[in-house]
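[1] Output the structure for:
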Amino acid sequence: MKAVQILGDKSAPSITLSDSLPQPTATGSDILIRVHAAGVTSDEVSWPEVYNTAERIPGHDISGVVAALGPSFAGPLAVGDEVFAMLSADAARGGQADYTIASPSEVARKPAAISHAEAAALPIPFLTAWEAIFQHAKLNKGVRVLVTGASGAVGVQLVQIAEQLLSAEVFGLASSRNHSYVQGLGASRVVDYNTPNWEDAVGQVDAVFDTVGGETLEKASRTVKSGGAVVTVADPPPPWAFGKAKPELSDEKPGVNWVYFVVTASGAILEKATEMLQAGTLKPLPVKEFPVDQAVEAWEFGRQRGRSGKVVINFA
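    Have a look, this model is predicted:
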């Protein structure tokens, strides 16, 4: 089968396309998926898990069709069902291939309202936003929140979920060219990160959701109320991640919950995305599609800064 591979090591990774890898087989309760589309996350070349696998196939976000079920599978899915999933970080397989294996806990039915390419762009961004809002910040309705990187894949989900499900007043941080787009997603106000002292225009918020890190995270943290939450998924992590150091503003901002996390795969939460998409309360991400024979070019495009659209490789 065809599959993307990351060869070399993290210091000098090389993306290549192979057409001679063996097709996996569903055992136990596994689900064998014929991949129609797989999302590209360019930072994955710096993640450790793919280097620990035998075949070095990257890709966590997929959309496709159930091709076979393991002999002990007991769920509601059947061969031929359309599904999408985030493959967990500790899985010994990747999704950028003609076929991949998923566990029942990772898979959800694909939303009928969107294409396979749009579905493959969604899992990590949606799961990250949902986990940040409901599992880490634990917000109530009617709050004020700041989203940095509001026009990025995770930021777009954060803006929509906070506005739609929490009736939040959302401040988005984005370049001026993306202001109308972010406002169309539901942001009450969008601030240009190139503006000096932009944090003063935001005022005080109940939670900061950061996807950028560095100086942006530092400035954004100044806007959170005492007792609020600062949640970041930026890579590299801040110095205080995993309890390694004390946040610089922790004395000035008593009671703030400082959180850095790595997203967890969950088919149950992806069902929430399906519900929102079917109801029209969530807009799909814009995607830039590449055929599988241009997979190397897809990765090159995905590494470009300022690009528009989530990069997706079409396998079907």
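
[2] from here on, contacts and neighbour counts on C-alpha atoms
    Noted.

[3] Output the below-cut-off pLDDT ranges for the stretch 1-150 of the chain.
    For the stretch 1-150 of the chain, the stretches with pLDDT under 70 are 92.

[4] Okay, helices next: where are they in it?
    With DSSP state H, counting those that start in this stretch as the criterion, the stretch 1-150 of the chain has helices at 116-120, 123-130.

[5] Can you report how many residues lie near the closest residue to Lys246 other than its chain neighbours?
    Once its chain neighbours are removed from consideration, Lys246 has its nearest residue in Trp240; the separation is 5.5 Å (Cα to Cα, 6 or more residues apart in numbering). Burial of Trp240 is recorded as 14 neighbouring residues (other Cα atoms under 10 Å).

[6] Mind pulling the model confidence for Trp240?
    The score at Trp240 is 94. That number is its pLDDT.

[7] my read: it touches Pro247, true?
    Yes - counting by Cα atoms under 8 Å, Trp240 sits close enough to Pro247 to count as a contact (5.5 Å).

[8] returning to what we had before: tell me the phi and psi of the residue nearest to Lys246?
    phi -90, psi 0 (degrees, to the nearest 10).

[9] what helix or strand does Leu270 sit in?
    Counting by DSSP states H and E, the element that carries Leu270 is helix 267-279.

[10] Can you give me the buried ones in that helix?
    Of the residues in helix 267-279, Gly267, Ile269, Leu270, Glu271, Ala273, Thr274, Met276, Leu277 count as buried by neighbour count, 16 or more other Cα atoms under 10 Å.

[11] likewise stretch 19-37?
    By neighbour count on 16+ other Cα under 10 Å, the buried set for stretch 19-37 is Thr25, Ala26, Ser29, Asp30, Ile31, Leu32, Ile33, Arg34, Val35, His36, Ala37.

[12] tell me the contacts of the fourth one?
    Meaning Asp30. Asp30 sits next to Leu69, Gly70, Phe73, Ile101, Ala102, Ser103, Pro104 when contact means Cα atoms under 8 Å, 6 or more residues apart in numbering.

[13] Nearest residue to the fifth one in space, please, no chain neighbours.
    In space, not counting the residues next to it along the chain, Ala102 is nearest to Ile31; the distance is 5.2 Å by Cα to Cα, 6+ apart.

[14] And the fourth one, by the same measure?
    Spatially, and ignoring its direct neighbours in sequence, Ile101 is nearest to Leu32 (4.7 Å; Cα to Cα, 6+ apart).

[15] That neighbour reaches Ala67, doesn't it?
    Yes - with the criterion set as Cα under 8 Å, Leu32 and Ala67 qualify as a contacting pair; they are 5.4 Å apart.

[16] need the strands for the stretch 101-250 of the chain, in chain order.
    Counting by DSSP state E, counting those that start in this stretch, one finds strands in the stretch 101-250 of the chain at the ranges 107-109, 144-148, 169-174, 189-192, 205-210, 224-232.

[17] from the buried residues of stretch 19-37, which two are the most distant?
    Spatially, the most separated pair among these is Ser29 and Ala37, at 22.8 Å (Cα to Cα).

[18] so who does the closest residue to Thr128 other than its chain neighbours touch?
    The shortest distance from Thr128 to any residue other than its chain neighbours is 5.4 Å, reached at Val263 (Cα to Cα, 6+ apart). Applying Cα under 8 Å, 6+ apart to Val263 gives the contacts Ile124, Leu127, Thr128, Glu131.

[19] can you check Leu17 too?
    Contacts of Leu17 (Cα under 8 Å, 6+ apart): Lys2, Ala3, Val4, Gln5, Asp293, Ala295, Val296.
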